[in-house]
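> no FASTA, just this:
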Ligand SMILES: [Zn+2]
């Protein structure tokens, strides 16, 4: 059983790293952001609540996030463990979480804010099929059009300078104490998120004493997209 938390500001690439761990070790990738998006897209009550909060410039409260994560973990479909992404958000949650689940490590992806800005502002999303693009490293063949369905590419509503500045600020002030707490418990594994995907993945695996990751798998998983 492997139980990990992955931390890093939105746009640091933690989703990609978590997915690679998920695929190879049969872990459940529990991403708070993905759960939000799923709820918004399938128009659940929770989705409507989240959408209202975000569009009014607010943030989803720690309590809602905690409820979502607890509910998700109680499904117990993680026979081999999990990679939790987007939680805990504060020290109280972190303390409680550490008592309830025996966490093996906290992977912290470190990426300078300037790099995060560049990456996030280059993100695009197909307005029809939802496929992700990035104008820096995952460009569409035709400008502003989806390769698969031809749909118009758009930015996520909260991927703008102003929202991003707020997000980065909130992230740093809120997660600093949580990181310190995990550090005191000697759980933190720090990786440089500006390196290549396979290099980062192998640094994570070395630190976690997991079998190495082969670059062929990178190509295979890239081809699957
Ligand atoms: Zn599309």
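Yes, it's here. This one's a predicted model, so the numbers in the text were calculated from it and none came from an experiment.
> okay, CA-based contacts and neighbour counts for the rest of this
Fine.
> and residue 96, backbone torsions?
phi -60, psi -40 (degrees, to the nearest 10).
> Then residue 107?
Dihedral angles for residue 107 - degrees, to the nearest 10 - are phi -90, psi 120.
> So which bits of the chain are right by the ion?
The chain comes close to the ion at residues 126, 129, 146, 149, 151, as judged by Cα under 5 Å from the ion.
> Mind naming the longest helix for the chain?
The residue-count maximum for a helix in the chain (DSSP state H) belongs to helix 161-184.
> Okay, buried residues for it please.
By neighbour count on 16 or more other Cα atoms under 10 Å, the buried set for helix 161-184 is 164, 167-168, 175, 178-179, 181-182.
> same thing with stretch 31-42?
Buried-residue list, stretch 31-42, by 16+ other Cα under 10 Å: 31-32, 35-36, 39-40.
> so can I have CSV of those residues showing secondary structure and pLDDT?
Shown next, in CSV, are the buried residues of stretch 31-42 (DSSP: H, G, I helix; E, B strand; the rest coil; pLDDT from 0 to 100):
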residue, secondary structure, pLDDT
31, strand, 92
32, helix, 91
35, helix, 91
36, helix, 89
39, helix, 90
40, helix, 89
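> any idea which of those is closest to residue 84?
The nearest member of those to residue 84, counting by Cα to Cα, is residue 31 at 6.1 Å.
> and the gap between that closest one and the ion?
Here the criterion is Cα to the ion, to the nearest Å. By it, residue 31 lies 23 Å from the ion.
> thinking again about what came up before, which members of the residues of the chain next to the ion are classed as buried?
126, 146, 151.
> Report pLDDT for residue 80.
Looking at residue 80, its pLDDT stands at 94.
> residue contacts, it?
With contact taken as Cα atoms under 8 Å, 6 or more residues apart in numbering, residue 80 is in contact with 1-2, 25-28.
> any idea how far residue 86 is from residue 31?
Distance, residue 31 to residue 86, by Cα to Cα, to the nearest Å: 6 Å.
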